[in-house]
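[1] prediction below, plus the sequence it came from.
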Amino acid sequence: MRGVELAFRPGWDRRETLAAALDKSAETDKVQGFTRVGPHRADIKLTRDGVLVSEVLSRGQMKLMFVAIKLAQGKLIEALSHRAPLYLIDDLPAELDRSHRAAVCTELW
């Protein structure tokens, strides 16, 4: 899909470091029993012409788009670290036909 825009939210206020954000929320996090800021709170938003792609793509198309993003991320990690990433895949056949499953497997190989 051409013209897709990706917006990334890291899971904490970008104006401060992760360490500072964790330190700032430490007391509240202890009381609540979980950490409210950090990479686990990261999110991405994909839009095209201002519309969320989840509103116009099928579930299979969404799955392929996220697989492509993860594969690109893996290639970047490998290029920077000189170590191959490990992909954990849950239920690859869901939402994908045989040809798309084969294409994903070819990229993984």
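    In hand now; what should we look at? Please read these numbers as outputs of a predicted model, since none were measured by experiment. Residues are numbered from 1 along each chain as shown.

[2] and the helices in the protein?
    Counting by DSSP state H, the chain has helices at residues 18-32, 59-81, 98-108.

[3] out of these, nearest to L52?
    Among the helices of the chain, helix 59-81 comes nearest to L52, with 10.3 Å by CB to CB. The way it works is simple: take the backbone N, C-alpha and C, and place the C-beta from them, glycine included.

[4] quick check: angle from the closest one to helix 98-108?
    Per axes from the mean of the first three to the mean of the last three CA atoms, to 10 degrees, the angle that helix 59-81 makes with helix 98-108 is 10 degrees.

[5] give me the contact list for helix 59-81.
    The contact list for helix 59-81, computed with CB atoms under 8 Å, 6 or more residues apart in numbering, reads 1, 4, 6, 44, 46, 53-54, 57, 83-85, 87, 94-97, 100, 104, 107-108.

[6] and stretch 11-25, by the same measure?
    For stretch 11-25, contacts defined as CB under 8 Å, 6+ apart pick out P10, D29, T35, R36, V37, G38, P39, H40, R41, A42, D43.

[7] spatially, which two of the residues you listed are the most separated?
    The farthest-apart pair in those, when distances are taken by CB to CB, is D29 and D43, at 18.9 Å.

[8] show me this protein divided up by domain.
    Domain segmentation of the chain under automatic domain parsing yields 1-56, 57-109.

[9] want to throw those into a markdown table with mean pLDDT and mean neighbour count?
    Converted to a markdown table, those look like this (pLDDT from 0 to 100; neighbours: other CB atoms under 10 Å):
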| stretch | mean pLDDT | mean neighbour count |
| --- | --- | --- |
| domain 1-56 | 92 | 12 |
| domain 57-109 | 92 | 12 |
